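A.B. asks: Compute the structure for the input listed below.
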Amino acid sequence: MKFSHILQDVLLNPKLCKLVPFLLHKYQKKEKGTMKEMLYIVPHDYCNDFYMNFWKLHESVHLDFGIDIRKMGHSGNTYELVPILGLMFSGILHGNDERITLKTDILIFVLSLIFTEGNHISVEVLTHKVQRQDMLTQAEHIYFEEAWKFITEDLVWEENLMYQQIPNSDPAQYEFVWGPRAPTETSKMKLLIHMAHLMKQIPGLTQNYMKRL
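C.D. replies: Predicted structure coming up:
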């Protein structure tokens with residue numbers, strides 16, 4: 001998965017990019033962040049411009065990391081960071097000390113693949129796509145074994161995914177489908193709109209996709 005153009009702009013901005021690891025840390029610790037903290041991180045001469053560019057930061061972590069920055073209270077000075085699309089699976093999967101991948105991002109990635117493949121995906125196809133996509137490259141490289149264990153064990157155990165035999169397959173072959181928990185937290189329509197935003201497209205619901213909703 002590639003960076004969105006918005007996140008590329010944020011990361012190339014030497015003043016704004018410092019806030020990305022700050023927000024990821026807050027998300028990991030399940031802590032709230034304040035505007036005061038963010039303004040303390042950026043240079044003083046950038047404070048006025050920061051208010052104008054805050055939407056870029058908000059949009060980038062929303063699209064690329066699956067995190068929603070929500071205002072709390074009427075003052076709007078405190079923010080909570082929560083998984084997008086109604087998903088409750090939060091946390092971070094560590095590849096090593098410097099590279100991280102959000103668990104929500106992996107879940108969205110797999111749910112999206114299942115949806116676009118016709119509401120089911122074989123183990124072989126999923127393995128190939130995970131390896132080919134380098135499992136969410138904002139982390140550059142995360143050990144495939146760790147990501148695969150998270151997908152096939154944790155997400156199945158939490159009923160976000162179901163692992164089942166492909167009907168009438170002989171010898172037996174297996175596939176993944178959405179688990180019973182996934183549609184209670186999000187919907188295929190929300191996922192499609194998110195995918196469309198990520199690809200910089202207006203959600204055009206083709207007949208092919210509509211049949212899968």
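A.B. asks: which element is the residue nearest the centre of the chain on?
C.D. replies: Nearest to the mean C-alpha position of the chain, counting by C-alpha atoms, centre = their mean, stands Asp105 at 2.6 Å. Element membership of Asp105 [criterion: DSSP states H and E] is helix 103-116.
A.B. asks: do Glu59 as well
C.D. replies: Using DSSP H and E, the element containing Glu59 is helix 47-65.
A.B. asks: mind listing what the helix or strand that comes right after that helix pairs with, with the direction of each?
C.D. replies: Where DSSP H and E defines the elements, the next helix or strand beyond helix 47-65 is strand 67-72. Using DSSP bridges, strand 67-72 pairs in its sheet with strand 78-83 (antiparallel).
A.B. asks: buried residues in the strand it pairs with?
C.D. replies: For strand 78-83, a neighbour-count test (16 or more other C-beta atoms under 10 Å) marks 79, 81-83 as buried. For every residue, glycine as well, the C-beta is placed using N, CA and C.
A.B. asks: Need the residues you listed in CSV (columns: distance to Thr116 and pLDDT).
C.D. replies: Below are these laid out as CSV (distance: C-beta to C-beta, whole Å; pLDDT from 0 to 100):
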residue, distance to Thr116, pLDDT
Tyr79, 32, 89
Leu81, 27, 87
Val82, 25, 84
Pro83, 21, 80
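A.B. asks: which of those residues lies closest to His25?
C.D. replies: Closest approach between these and His25, by C-beta to C-beta: Leu81, at 9.9 Å.
A.B. asks: quick one: the helix holding Asp105 to helix 47-65, angle?
C.D. replies: On the basis of axes from the mean of the first three to the mean of the last three C-alpha atoms, to 10 degrees, helix 103-116 is oriented at 50 degrees to helix 47-65.
A.B. asks: Could you break the chain into its assigned domains?
C.D. replies: Here the domain parsing of the chain from automatic domain parsing is 5-83, 92-210.
A.B. asks: What distance do you get for the residue of the chain positioned farthest from its centre to Glu59?
C.D. replies: Most distant from the centre of the chain: Asp170, at 35.6 Å, with distances by C-alpha atoms, centre = their mean. Distance, Asp170 to Glu59, by C-beta to C-beta, to the nearest Å: 48 Å.
A.B. asks: Name the nearest residue to Asn53, ignoring sequence neighbours.
C.D. replies: Leu16 (6.1 Å; C-beta to C-beta, 6 or more residues apart in numbering).
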